[in-house]
Each structure stands twice: as C-alpha cells, then as structure tokens.
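**Student:** make a model of this:
(3 chains)
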Amino acid sequence: MTGVLIALLAVPLAAGFLGLLGGKRVAPLLAVLGTTAAMVFALLLALEVNPGDHTAAVDLNSTWIPSIGVSFHIAIDGLNAVLVLLTTFVFAIGTWWSLRDPELATPSYLFLLAIGEAAVLGAFVAQDLILFVLCFDLMLLPFVLIAARGAGGDGEFSIGPVLLLLVYTLVGSLLMFVAAVGLAILTAKNTGQPVTFDLAALYGATLAPSTQRWILLAFLAAFLIKMPVVPFHGWFPGAYRTMPLPALAIFAAILSKVAAYGFLKIALPLLPDAVVDWRLVLVILALVSIIYGSLVAFTTNEPRLILGYSSVAQLGFILLGISSLDPAGAQGAIFQSVTHALVVVPAVILLALVSERAGGVERLDQLGGIAKRAPVLSALFLVVVLCWLAMPGTGNFVAEYLVLLGQWRVAPWAAIIASIGVVLAAAYALRFMIGAMQNLRGAAVPEHGVDIGGFERGLLALSIAALAVVALVPQLGLRPSDAASRNAVYPARSLYESQKKAGGDEAVAGVPAEDQESTR
Amino acid sequence: MSITWYLAVSAILFAIGLFGVFVRRNPLVLLLCLELLLGAANLALLAFDRHHAANDGSILAIIVMVVAACEVTVGLGIVVAMHRRGQPIDVDRTRELQG
Amino acid sequence: MTSTVGTLAWLVLLAPLFGAISIGLLFKQLSGRAAGALATTVLFTSFALSVATLVALQSEPEESRQVTANLWDYAVTAGLDVKLSLLVDPLSVIMMLVVTGVSSLIHLYATAYMVSDEGYNRFFSYLNLFVFSMLVLVLGGNLVLLIVGWGLVGMASYLLISFWYRRKTATKAGIKAFLINVFGDVGIVLGSFLLLRHAGTVDYLELFAKAEGAFAAHPHDLTWGLVLILLGAFAKSAQFPLHTWLPDAMEGPTPVSALIHAATMVTAGVYLIARLHPLFELSDVAATVGVVIGTITLVMAATMAIVQTDLKRIIAYSTMSQIGYMVVAVSAGAYTAGIFHLMTHAFFKALLFMAAGSVIGAMGGVQDIDRMGGLRKALPFTFACFMIGSLALAGLPPFSGFFSKDEILGGLLERGDWYTIIAAIGYLAALLTACYSFRAIYKVFYGDLNEETQQIADGHHLHFAPANPSTGEAEDYEVGFPGKEHHTAEENLPMKVAMGTLAFLAVVAGLLQIPHVTHVVGDFLHPTFHASELLEQTEASTSTALLGMGLGTLAALLGIGIATQLWLKKPGSTAGIQAKLQSLHTLLSNKYYVDEAIDLIIVRPFRWAGAVFERHTERLVTQTAVVGGSSGVVRIASALVRAAQTGSVRIYAAVVSSSTAAILLYALVVR
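**Tutor:** Here you go, the predicted structure:
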C-alpha cells in the first residue's frame, strides 16, 4: 500500500511532466489519465483506514535530510483520508473541465495543475513539519502563475491582484516556516533529543505556554490568511476576478481546506496551551467572518464575489468548528471542508455556464430569466444552490449541525450568532439563483438561449452525484475521521476542561485563578 | 630586477584603466580601459610568477587572456548592435536597466 | 410483523420520491396529461400503502404500536447518534393518511386545473416532491430527521410558491417563505442541542423515555429548548409573528394553496407539538407559550380575514386562524381534539381552495371578490362545495368542523382555570369565522350579476390579457407564467370527483368523534398518548360537552346571521360601517403592519450593513492590504532598494571598485 501512496503523489506529477514534454496532443490525455489514476489510488487508500483507530493506516517514512532532522514521512490516517479523496476528485473535475477550452488547457497549464495537485496531496499526507510547510507554500505557486497569464500587457487584468495574492499569502506562509523551525529546535532543546521535524516525535513534547503563543501566532498568520478569514481576506477579490474559472474552482475548493487541516493536524495538538488561551479570539474571528462574509455576499453584484464571500462565511463555520475544541466541532469542520468543496466546484461551473448565456457578463443585476431558456441548467442550478445553502437533507447541513453542536457545548452564545449566518446563507444563495435564473429576462441575456450540452451535464452530474452520496449517507464521510478528530482535539480539550474545572473550584474555594495556574 | 618595478608598472596601468572606466563615456574606450585593467593584472601575475619561480600565475594569465578575448567579443558585438539600432554610443544614455 | 409495518412505511415515503425523480428526468418526454396521471397514480398508491400500514399497525397489540424502522446510520459520531429511521405509530399513521389522502385528491384536481400551463410536468414533479418531504417530516423517528423533513418541506413549498418564476411577486413570496422557514429550522436545531445535552439522544422514543429523569435538574434548559423548537413550529404553521409568508404564498397556483396551506405544510407545527408532547407536559412555560401564541394568531387572523377582498387570501387567513386553534389544543393537552381538527380542517379547507380555484378559473384569473357576485346559478357544483366547506369551517352541526372545533373548545373549558378565557376567545373567533366565511359566500355567489359575472352566467369564461393579478404587469403564456386556459369544476370531471370526495368527507368525518358517542380517533391515537396526564384533563364531561356544543352552535349561527344581515340583506351597508371605523379598517387591511415592522427591524438593517460592508469596509481592507499590509511593506522596501539601480554603468563600476578597495583596506590594515 505504501506503493500506492507514492503513486498517489507521483503519478499526476509524472503525467503533467510527460504532457509538457509530449506537447499539445498528448497532454490532455495524460492529464485525464493522471487525475483518474490519482482518484483510484485515493479511494484504495481511504478504504484502508480503520475508523476506530487514529494511527496511520498506510505509512511511509524515509530519510531525506538527516542532518537537520527532516524526513520524507507521509501517511494516510483517519484525518486526511477523506480529504485526500476529495482533493483528487476536485482536481479531476477541474482538470477535465479545463480541457473544454483548448486555449486555456495548454501543456504548461496542465503541468501547473499537476504540480498543484501533488503539492496539496503532499500537504495532506505529510507527517513531517517541513514537508508540510514546503507543500503549503508550493501549492500556491501554480495558481499564481495561472492567474497571471491573463494579466499584464494586453491581458484584461493588471498584475496587481496576482502579486497581492502571492505576497500576502507567502508572508503568512514564510512566518509559518520560521515558526516551524523554531518549534522543532525548541522542542529539541526541551527534550534533549536531536532536532527532528517528525510530527509524531513533536506531539509528545509540549513547550512552555509563552513559547507556544508566538509560534501559534505565526501559524495563525499562515492559516487565517489562506482560508481566508476576515480581516485577512483583502487578497481574495482580486484573485477571484483574475483567475480563469476552472482553476478558480480548484483553488476555491481545496486550498483553504489545507489550512483547516493544518489547524487540526498541527496547531491544536502541538500548541494546546496557546490554542486554549486564544480560543475566544478564534471564535470571534470565525463569527465575524460568517456574518460579514454572508452580508457582503448578499449585497454584491458580482457572481464570482458572491461565491467568494460565501466561501469566507463557510470557512468561518469551519473555523468555528475547530475553535470549539470539541470532537463534534472537529468532525463538523472536516465534513464541512468536504461538503463545501463539493459544492464550490459545480457552483463555479454553473457560474461559467450562466455567464456564457449572458454574453460573458458577470453582473447579477443584468442577469435574469435564464431558467426559461435553459431548463436543465436551471434544475441543476437549483440542486447545487440547495446544497450551497446547507438545506437540511444535504451533507452540508449535517456538517453545520455538527459545528454548531460542538460550539454549543462550549459557548452557546457563539452558536446562536453563527446560526444567523445560516439564515443569511439561504438569503444570498436564493438571491443569486433568483437574480440569475428567474424573473424576467435580464439586460444581458439574449432572447433565445441554448441549454447546456452533454459534457457540462456530465460534469455537473458527477458533482451532484458526489453531493448526493454525502447527503444520503453522511456517515461515510464522518466515520473515517471519528477517532482521528477526537484525538486531534484531545490535548487542547482536556486542557480547556481542566482550566474550567479549576476556575469552577476557584469560585467555591475562593482561591484566585493565578494561583491555580501556577500549581498546574 | 626586483619585482617592485613590475608591480609599480602594473599598479600604474591599473590606475589608468580604472580612471578610464570611471571617466570615459564611449563604450569602445570603456572596453579598452577594461583591457588595460586586465593587462595590468596579467603583468602582476607574471611578475609574481617570475619572482616565486612558479607556473600558476602564467596559467591564470592565459585563462584571463581567453576570458578577456571572449568578453571583448561580446562587448563589441553589443556596441555594434547598439549602433545599428541607432542608439547613442554613450554609456550614460543607456539606462534601460534602471529599476 | 414489525418489519412489515416498517417496510410499508418506507414504501409510502419512497413512492412520491420515485414519482418526482421520474417525472423530473422525463420532463421533456412526457406529453399531455401523462405527468399528471403518473403523479396522481403514485400518490394513490402511496395512500393505498398508507391504509395497508394502518391495517398492519392495528393488527399489532396495543403496547407495541410504536414501531421504528431503520435503514442505515446517518451520522453517528462525537456523541451524536442519528440513524435513518422512521417512527410508525398512530400519530404518524393518521398524519400519513391525511397527507397522502388529501394530496391524491389534490393531484387529481390539478391534473385538470393545470393542464394549460406550460410548466405542467415540472408542477407534478414538485408536487410529488412536496408530498415526499412532508412524509419524511411526519414519519421521521428522531429530531434530526424531523429537521431534514422540515427543510425539505420548506424547499418544496418555495419551489411551488414561486412556480410561476418569471413573476417577480411570486419569486419574492417564495424567498420570503423560505427565509422564515430557515429561521424556524435554526430554532429547531438550537432546541435540539439543548435537549441533546441532557438526554444524550435525539431519537424520539429514547428521548421520551429519558425525559423526566434527564430534565428534572435542568428545567430551564428544557423550557428554552422547547421554546426554540416552538419557533420552528410557528414559522412553519404561520403563527404570529412568523405568519407573514402565508398570505404572500397565495402567489402559487391554487392546487398548491390547497395542498400546502390547508392540509399539509402548515399542520407540521401542530404535529410537532403533538409528537413532543411528553416534553411539553414537563414544561408548563413552553406549553403556555404555545397556547398564547396560538390564541393571538387565531384572533388576529380572523380579524384580518373580515376586511380581505382577495378570495384566496380570505381562505389563507382562515387557515391561519384554524391552525391557531390546533396549536392551542395540542399545547393545552387536548391532543385528540387537535389532531381531529387537523384532519377535518384538511378536508374542508382543501375543498374551499379547490372551489375558489374553480371560481377564479371562471373569472379568468381574477381573485377580487368585489368583482364577483351572483355566481351560484352559473357555477352550481362549485357553489355547493363552497357552501359545504364554509359550513364546516363555521362549525355548524352536523358538519365535521363543528365536532372537531368544539372538541377543542370543550376540552379547554374542561381544563378550567385560565383556559376558560382562552375558550371564550375561541368562541368569539368562531363567531368571526362564521361571519367572514359567509361574507365571502354572499359576495361571490349571491347578489346581483354584474357585467363580468353575467358572461359567466351565460356560459363563457372571462378572458383577460395575461397580467399579474396584484400589480397588473403584463405577462405572457409561456413557461414561468400561468397558462392561457382557465378551468372550472363544472367542466372538468377530475376536479368534480376530487371536490365531491372532499365535500363528502367534510360532511361525515364528524361522525368519527362525537363526544361521548363515538371515539374512533381517540381510541386510535391512544397508544401514542397513553402516558399523557393532560389528555384526561381535557376530556370534556358530558355537561361541559353539551355546554360547549351549545355555545359553538350559537356562535356559528350568530356569525352567519350577522353576515347575512350585512352582506346579503343590505349589500351596501358595510361601506357606512367602514367609514365610521376607518382607522380600524386600515389597521386590519394592512395586516397590523407586521410586515412593515419586520422589514424595519430585521430586513433593512441587514441590507444596510451589507451595503456598508461591501462599499466601504471592503475597500478599506483591500487598500490596507495593499498599502499597509505585507504587500505594501514589500513594495516600499523594494522602492528603497530600487534607488540603487541607476542603470548607469559607471556608477556601478565606481561602487564595485570603491567597495572592493574598502574591504581590502579593512582586511589589510585593520586586521
């Protein structure tokens, strides 16, 4: 099975590279083969996971740079199994969709997507801190390059937004790199062992709370910017506007989830004291993202930004689940990552199809009445919108239910505020659908429209089939990560609970809290 | 002859070459001055060789001469290309590398 | 045997889903009335299977008439254990029968009514989907499945209300209904968290078993949990203050109003309270909230109905009012009465909507009762049905509405204390109910024929250029707007059959539960409610029952009498009364300004906030990201460094040589 694990990373990369060498005629075929193979491998690996066990199901550990303690350690466990499968699925659909436009899907573009896929998969399966950071940084570059193709010179966009995306995200990521190195070195000092970046080794030795705090700050910089979370979201409107839609589908769906995964894999287990100290800050950031993102999604007239701001809100839910330090919240966060990604991909496809039927215009106030001219598109749009707003009965609802449940157990007031976001989600999603599809014909929509063709129907059918699976049997997505998510929040959670108990005893015994802490 | 004289000549040549690089604006003259610099270095190398009865300096001098030849070729080619495009043959006026 | 009941229940549920999906996939291929026929057949099958489930359940001994049927694990993780399971017991079976039965008749009606609409196939797909959703709601065996059903019903009702999707008023009404519904969903979700925290389960039977012990130490959590769940019930059942979507929902085609806003969706809240009765009986506060809101609604709606001039909206308000009665009943413990009224109301209200649809068909789409009059000779069958429905609604013996409504009010009287006041309000509202129902009859069917209705009497339908009935905007007949032809019961057999059946039921259904004579419904529901303490308290004694029936008959007769006086004998007299009570009239016709209040308090602030965020805050954030943020820092730093790139070769040479000299000097001299 370790062979399959290596193949998971190597095959799409090889396919992309060979496509680059082979040229225009060979590249598309190789891309399809590569992404399909990756999906198959991911499925095989996911089936290996034992739900009750939080340790790795498939593990590969080989030395890489022993002098600084970096090993090439990758593994599939409960936490990342479903996410890996999700990644391969999203990249597959995104790549196949890109092939529709030969001008876009050049061999270099496909190679860039392949690098992206390998990097994201690498980030998910990495069990070594440097490997994770490396993949985290690497996964951004292909998308920056893809976004930049249309920029500058005679392209429509200026290079500014792309640079903003690159620099803003990289700053966070590089801070994380520094923190990672610091973490390993300080841990080595604490334990007296040689420096190692292997996560399994780092889990055991926790650092002093004050050290943890600045390390967490750096990690937060990387993750919060990536997700993005208000107020670190300044980069995304520009990026969303300039990236070609197939790449945007992948970018919006997957990259933010690596940040969420990073929280559960690295931040929570390794830095529990700091996480508990800053739990409230995270909760507030999550709530602000949910409400702010939903409100702007409700007001803005650009479909891409509606999607973008709604993603900010949904990522806010994920952060809410993570910051609840509760197994239900963590499960909700992971499942929400899956269901959100599964919704974003068809949503972007629909966005493209809608704008096609409006002469390329991407303004909501000029759309309308497309349902009459394209009934099949309208029906599929409806299904996706219902999943998007997390209507009960969809997988997205189960995820939000779990997130809210987790947060309720810790801070009921936060769950109540977050549920305003649920109502707002229905508002902006329906506003989008009604504005684009229903009412009378909009200014940009021609009188006679064409319904969607077989290729798009197939892509959408696949995405909707995936959504249907998580809607009918959410347990499939929840079971693998059950033990792993509980394990991930355990250090922080037990710390939080012991602090609460100490606080409770203080009320009874009359001992001030500071004295309690020093005895801990 | 003591080595000092050779080194003095070499220093003087070097100084003249350096001064030329700083002051002259014509790229051809600039290249000439660069040659002076390289020649001065060569002289110093050979002088030390003679002084220490070794061969390393000579070998290095030959390498320098080869590099100088290549560099002059490329340099002259650039100057000719500039002239062909009607650009001014003046080092101060060619600022395209300005950031 | 238990598996038979379970299997049958699953089949009942899945049949309409199958219908919806097949019609949806084949929507281009099905022509003519095929889709309608398919949908109706599916529903009748579902009804037959429901009857089979009833038989199977009744063949079980009484103690084991609460059957759960699991399919698979839905979400079992982190302290949550939700399976895809149905709870089949008398309460869910009676709901199932009402839903599938009345829905089949409405499907039948719609096969003729909607035949000229371009979106015929889509309509039946949605209609089947709706019935499926409602069945999930009433059959679900745990709170999470209830929420799933709740959401699906909200979705289906949105699709059906905004069925004519090119009409802006319809899409607006649809999104309004959906959002209020989502708000209710959220209430139930949060309520379920409170219940889950102490009981550790969301499964109904487990929850009820553990309820008393689990919540004994946390009564406030139980109360708050139930109040939050009540929010969901009120949203779905259009109770004050979450009722504003119901009148707007009349934008949907009439069969939709009949199905959703009479028989099924709006009764979901009543079902929910009845289902969770063991919990409500542990929390007086929550039960009181139910009773109070129900009372407010039943009075408010009755007063609003009196001044309405849109026929469908009159019936909508009467629904709101009658649901208020049911909510009061199940909150006060009179479960049998509440569910019985739910059943009879489904019959006569669906009948009323169908009859209204027939009238509106004859009137060419016009819904304004001021433009109608004297139609009883022109539309005799419709008139008869409307009369039967109204008599049942008004609660005149021996129609079914009388027995069911009086069982509720009698039960309240029996319970005593302050419930007597509620009962008194209920009788008053019954008077109003009789009054406005007969107002509608007199204005539509009696009186003189005017120009337009004369044509109908001569045997023609009216035809107008296609336009929005409320705003007058021009439309057309293509997909997304109503079709060209309109249909009446007199000319369409399916409509006649459906209406006739309901009329019959509206007349005889009362026989099922005559106080102290027959108790078919009560006995049937006994296994579900046997542990209830309140049920006995609301069983009216003979004297109370007789008193109640007397009061009820009196209220109905008085109401009919007043209506006859004002609208039959002296048709113009109301104008004078209206002039005298002008401000009251304005208040009522503007629906107590609740819509405006909600708009002011909730909708506008959110819109304003969104606009401010989009226009100002976003610019600030993107700009600070550019200027002050990391990108800005990089930009400034690079600007500084760029100063060194002069592009001048000589300066580069100077820099290189001077720095080399400096280093050499340092190395040779200083070190």
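
**Student:** low-confidence regions, the chain specifically.
**Tutor:** Defaulting to chain A. Within chain A, the segments meeting pLDDT under 70 span A:150-158, A:205, A:503-520.

**Student:** my question was about chain B
**Tutor:** B:1, B:99.

**Student:** all helices for it, in order.
**Tutor:** B:3-23, B:27-52, B:56-84 (DSSP state H).

**Student:** and these as TSV, adding mean neighbour count and distance to chain A?
**Tutor:** Where C-beta positions appear, they are placed from N, C-alpha and C, glycine not excepted. Shown next, in TSV, are the helices of chain B (neighbours: other CB atoms under 10 Å in any protein chain shown; distance: least, CB to the nearest CB, whole Å):
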stretch	mean neighbour count	distance to chain A
helix B:3-23	15	37
helix B:27-52	18	31
helix B:56-84	13	25
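
**Student:** got JSON lines for those, with distance to C:L276 too?
**Tutor:** JSON lines is the format used below for the helices of chain B (distance: least, CB to CB, whole Å):
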{"stretch": "helix B:3-23", "distance to C:L276": "94"}
{"stretch": "helix B:27-52", "distance to C:L276": "93"}
{"stretch": "helix B:56-84", "distance to C:L276": "88"}
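
**Student:** could you export these as TSV, including distance to chain C?
**Tutor:** As requested, the helices of chain B are arranged in TSV below (distance: least, CB to the nearest CB, whole Å):
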stretch	distance to chain C
helix B:3-23	5
helix B:27-52	7
helix B:56-84	11
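
**Student:** contacts only, for the closest residue to chain C within the stretch 251-400 of chain A.
**Tutor:** Here the stretch 251-400 of chain A gets closest to chain C at one residue, A:P392, 2.9 Å apart by CB to the nearest CB. A:P392 makes contact with C:147-152, C:185, according to CB atoms under 8 Å, 6 or more residues apart in numbering or on different chains.

**Student:** what does the strand ranked longest in chain C rub up against?
**Tutor:** Determined from DSSP state E, the single longest strand within chain C is strand C:67-77. In this structure, residues lying in contact with strand C:67-77 by CB under 8 Å, 6+ apart are A:327-328, A:331, A:398, A:401-402, A:473-475, A:478-479, A:482, C:2-3, C:5-7, C:9-10, C:57, C:60, C:82-89, C:141, C:144-145, C:205.

**Student:** identify the residue nearest the geometric centre of chain A.
**Tutor:** In chain A, the centroid-proximal residue (CA atoms, centre = their mean) is A:K257; its distance is 1.7 Å.

**Student:** which of the helices or strands spans that one?
**Tutor:** helix A:256-262 (DSSP states H and E).

**Student:** and that helix, what does it pack against?
**Tutor:** Counting contacts by 3 or more CB pairs under 8 Å, 6 or more residues apart in numbering or on different chains; DSSP states H and E, helix A:256-262 packs against helix A:78-98, helix A:107-125, helix A:129-138, helix A:209-226, helix A:303-322, helix A:327-356.

**Student:** for A:Y496, which non-adjacent residue is spatially closest?
**Tutor:** Spatial nearest neighbour of A:Y496, excluding adjacent residues (CB to CB, 6 or more residues apart in numbering or on different chains): A:V276 at 4.8 Å.

**Student:** ok, A:G308 touching A:F236?
**Tutor:** Yes - the pair formed by A:G308 and A:F236 meets the contact definition of CB atoms under 8 Å, at 5.5 Å.

**Student:** ok, and for the longest strand of chain C, which residues are buried?
**Tutor:** In terms of neighbour count (16 or more other CB atoms under 10 Å in any protein chain shown), strand C:67-77 has its buried residues at C:67-69, C:73-77.

**Student:** quick one: stretch A:209-217 near chain C?
**Tutor:** No - for a cut-off given as CB under 8 Å from any CB of the partner chain, stretch A:209-217 has no contacts with chain C; the smallest distance is 14.5 Å.

**Student:** residues in contact with that stretch?
**Tutor:** Outside stretch A:209-217, the residues that touch it by CB under 8 Å, 6+ apart are A:179, A:182-183, A:186, A:206-207, A:267, A:271-275, A:277-278.

**Student:** repeat for stretch C:501-516
**Tutor:** Applying CB under 8 Å, 6+ apart, the contact partners of stretch C:501-516 are C:102, C:105, C:336, C:340, C:343-344, C:347-348, C:350-351, C:354, C:384-385, C:388-389, C:392, C:397-404, C:406-407, C:410, C:518-522, C:540, C:542, C:545, C:549.

**Student:** now the buried members of those.
**Tutor:** Buried subset of the contacts of stretch C:501-516 (neighbour count, 16+ other CB under 10 Å): C:102, C:105, C:336, C:340, C:343-344, C:347-348, C:350-351, C:354, C:384-385, C:388-389, C:392, C:397, C:399-404, C:406-407, C:410, C:519, C:521-522, C:540, C:545, C:549.

**Student:** what's the burial count for C:L546?
**Tutor:** With neighbours defined by other CB atoms under 10 Å in any protein chain shown, the count for C:L546 comes to 14.

**Student:** now the angle from the longest helix along chain A to helix A:209-226?
**Tutor:** Counting residues, the longest helix found in chain A (DSSP H) is helix A:160-191. Put simply, helix A:160-191 runs at 160 degrees to helix A:209-226, going by axes from the mean of the first three to the mean of the last three CA atoms, to 10 degrees.

**Student:** so which bits of the helix or strand following helix A:160-191 are buried?
**Tutor:** Once the chain leaves helix A:160-191, the next helix or strand it forms, by DSSP H and E, is helix A:199-204. By neighbour count on 16+ other CB under 10 Å, the buried set for helix A:199-204 is A:199, A:201-202.

**Student:** ditto for stretch A:127-142
**Tutor:** A:127-140, A:142.

**Student:** neighbours of the residue nearest to A:Y496, how many?
**Tutor:** Other residues close to A:V276 by other CB under 10 Å number 23.

**Student:** what helix or strand does it sit in?
**Tutor:** Following DSSP H and E, one finds A:V276 within helix A:272-277.

**Student:** whichever residue of the stretch 1-150 of chain A sits closest to chain B is in what secondary structure piece?
**Tutor:** Nearest residue of the stretch 1-150 of chain A to chain B (CB to the nearest CB) works out as A:A148 at 20.3 Å. For A:A148, the host element (DSSP H and E) is helix A:140-149.

**Student:** packing partners of that helix?
**Tutor:** Applying 3+ CB pairs under 8 Å, 6+ apart, one finds that helix A:140-149 contacts helix A:107-125, helix A:160-191, helix A:236-242, helix A:245-250.

**Student:** buried residues, that helix. List them.
**Tutor:** Going by neighbour count (16+ other CB under 10 Å), the buried part of helix A:140-149 is A:140, A:142-149.

**Student:** stretch C:577-592 now?
**Tutor:** C:585, C:588, C:591.
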